[in-house]
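Colleague: Just to be clear, the model below is a prediction. Sequence and coordinates:
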Amino acid sequence: MAGEPAIAVHELTKVFARGRVRALDGLSFEAQQGTVLGVLGPNGAGKTTAVRILSTVLRPDGGRASILGLDVVARAAQVRRSIGLAGQYAAVDENLSGRQNLVMIGRLSHLSRRAARRRADELLEQFDLTAAAGRSLKTYSGGMRRRLDLAAALVAEPPVLFFDEPTTGLDPKTRQDMWAWTERLVAGGTTVLLTTQYLEEADRLADTVVVVDHGRVIAQGTPASLKADIGTTVLLVTLANADDAARAAAVVAPLGTHPPTVQGERVEMNVADGARAGSQAMRALDAAGLLVTGLVLREPSLDDVFLQLTGHRAETGPEPLDRPLHPVPPPEPQGVLGR
């Protein structure tokens, strides 16, 4: 239907541990066709749980979701024919070769044997895996396996793709390559939902970003609008050594909108008035007898947005697949799900 979002999520809830752990708590968002929706959030925020519901692996306990107008519960089989999923872990058989994996997925997607082989060869060439096509996956590097995982998600040329932290653990070149492949897919009309903890990934790829925490959306907008909305500047101070940086963090902390972070000899924090905070920081650090070797004021990044909204910087590492980390109170007598 013209104008209908490719992905629509309304008030999704999901609980585990007999209602004691709430993974999703009224999650709502939309992704328009031919765009990238970036879903950001800390570990345990519910990102992967949402993807598993949208890909029909899990059933929600409340709310509704649709893919291209198809309800993910009532029309699950049709939804599965419309989507591809590339996740944190390669969904391929390591006992088969790269080509055999892609052909098998093509056959499972109801392609003829000839069409499955042709599609496999196209994807192997596209992802620079032709030379390794006949080798067992046991001999593939991590980056090669991830490229094959992405190729597997594209065998049936689905109009909607879910990328669940697809570049976690990849080297910078392979990550850049995957970004370029994603941009080409979207230029061709594919819709992508991307969960990621790499803020520069969302900044580059996403048309719209939703920030999820404790199973609900706490902010959404374009990357540019989210950065503009926080209304702060980032102050970065470099000291002579790590010990001085730790002392400096305590000195400049009153100037920030959030507690400063320390990385080695660098102190970084968000400030409301960059010029004034910079001069105040220099005076305070000089009075404390600390030597400043560098001071920079810069515009905020998505990482700064994340810090402003969640109180900490983005974490790295895969999110638990179905073990959300935040507890909810014991259910009332009539039950959490029945309210």
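Modeller: Now that the structure is in, tell me what you want to look at.
Colleague: and the gap between Gly274 and Leu295?
Modeller: 11 Å (CB to CB, to the nearest Å). Just so you know, the C-beta spots here come from the backbone N, C-alpha and C atoms, and that holds for glycine as well.
Colleague: Which neighbours do those two have in common?
Modeller: Common neighbours of Gly274 and Leu295 (criterion: CB atoms under 8 Å, 6 or more residues apart in numbering): Leu235.
Colleague: So which bits of the helix or strand encompassing Arg276 are buried?
Modeller: Per DSSP states H and E, Arg276 falls inside helix 274-287. Residues of helix 274-287 classed as buried by neighbour count (16 or more other CB atoms under 10 Å): Gly274, Ala277, Gly278, Gln280, Ala281, Leu285.
Colleague: so how far is Gln308 from the fifth one?
Modeller: Using CB to CB, Ala281 is found at 19 Å from Gln308.
Colleague: do the same with the fourth one
Modeller: Taking CB to CB as the criterion, Gln280 is separated from Gln308 by 20 Å.
Colleague: Relative to Val211, how far out is Asp303?
Modeller: Distance of Asp303 to Val211, given as CB to CB: 12 Å.
Colleague: ok, these two, which is more surrounded?
Modeller: The neighbour comparison of Asp303 against Val211 (other CB atoms under 10 Å) goes to Val211, with 24 against 20.
Colleague: Tell me the pLDDT of that one.
Modeller: Looking at Val211, its pLDDT stands at 91.
Colleague: who's in contact with the helix or strand where it lies?
Modeller: Using DSSP H and E, Val211 sits within strand 208-213. Strand 208-213 is contacted by residues 27, 29, 31-32, 35-42, 45-47, 50, 202, 217-223, 226, 302, 305-306, 309-310 when judged by CB under 8 Å, 6+ apart.
Colleague: which parts of the next helix or strand after that strand are buried?
Modeller: Following strand 208-213 in sequence order, the next helix or strand is strand 216-221 (DSSP H and E). For strand 216-221, the neighbour count (16+ other CB under 10 Å) marks Arg216, Val217, Ala219, Gln220 as buried.
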